[in-house]
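Student: mind folding the following:
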Amino acid sequence: MTDAVDRLNDVRARIAAAAREAGRPAGDVTLVAVSKTFEAEAIRPVIDAGQRVFGENRIQEAQRKWPALKAAHPDLVLHLIGPLQSNKAADAVALFDVIETVDRDKIAAALAAEMAKQDRRPRLSMQVNTGMEPQKAGIAPAEAAGFLARCRDTHGLAIEGLMCIPPIDENPGPHFALLHKLAGELGLTGLSMGMSGDYETAIAFGATAVRVGSAIFGSRG
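Tutor: Model (predicted):
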């Protein structure tokens, strides 16, 4: 497990260097350590090394691991970074502190209802499908402004930022640039973009959060 801590420290150093290169303070960029497929025993050393923000893709997997970890470490912040189904909205609101994948009205309505019911208000970001990939979640860039307005006016949700996952076989830079431009047009400040292979590029394009998994925890089996 010391390997994960060494890799965590390397990622932190590279984030700080990329932020300096971009003329930004290192504190502008939140590292979301993506712990999907890794069990609690692999996560604890990273928590002990001071990492407090984590990301999970699947609600059911997170429910198995995180309640005990969060009880032991009340300052942990857990992000949902995978697709959300409306029938899982109650579970998502109960467990996650940030939900990054709001992308359609059905989800927005379900989240609004559960947040009112549970009196718990995780922070929210809108996922944008910058590559217009049919198999990928996220709202089309051209529809983002209308959806943001409906989130606020119809559903009463406060959307803080945007999130994207560029196509795996394309240069991520133009996708990061598009998300940055869209956030500016929409008056949003949060930009969750960049993963293990491209987080330094994302920081150059203004990322405020990077989602790094394998570069910290190692390859997934």
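
Student: mind listing the helices for the protein?
Tutor: 2-21, 40-48, 59-72, 89-95, 105-118, 144-153, 172-186, 199-204, 214-217 (DSSP state H).

Student: and the contacts of the fourth one?
Tutor: Spelled out, that is helix 89-95. Identification of contacts with helix 89-95 by C-beta atoms under 8 Å, 6 or more residues apart in numbering yields 59, 62-63, 66-67, 78, 80, 84, 99, 107, 110-111, 113-115, 117-118, 120, 122. Where you see a C-beta, it was placed from the backbone N, CA and C, and this is true even at glycine.

Student: out of those, which end up buried?
Tutor: With neighbours counted using 16 or more other C-beta atoms under 10 Å, the contacts of helix 89-95 contain these buried positions: 59, 62, 66, 78, 80, 84, 99, 107, 110-111, 114-115, 122.

Student: could you list the low-pLDDT ranges of this protein?
Tutor: 1, 221 (pLDDT under 70).

Student: hey, which of the helices of the chain is tucked in deepest?
Tutor: Sort the helices of the chain by mean neighbour count, taking mean count of other C-beta atoms under 10 Å, and helix 199-204 sits at the top with a mean of 23.

Student: I'd assumed S192 was in contact with F176.
Tutor: No - counting by C-beta atoms under 8 Å, F176 stays clear of S192, with 10.9 Å between them.

Student: hey, what's in contact with both of the two?
Tutor: Common contact partners of F176 and S192 (C-beta under 8 Å, 6+ apart): 164, 207.

Student: how about L111: what's its closest non-neighbour residue?
Tutor: A89 (5.3 Å; C-beta to C-beta, 6 or more residues apart in numbering).

Student: state the distance from that neighbour to D97.
Tutor: Applying C-beta to C-beta, to the nearest Å, the value for A89 to D97 is 15 Å.

Student: on that earlier part again, and which of the buried ones among the contacts of helix 89-95 is nearest D10?
Tutor: L78 (23.2 Å; C-beta to C-beta).
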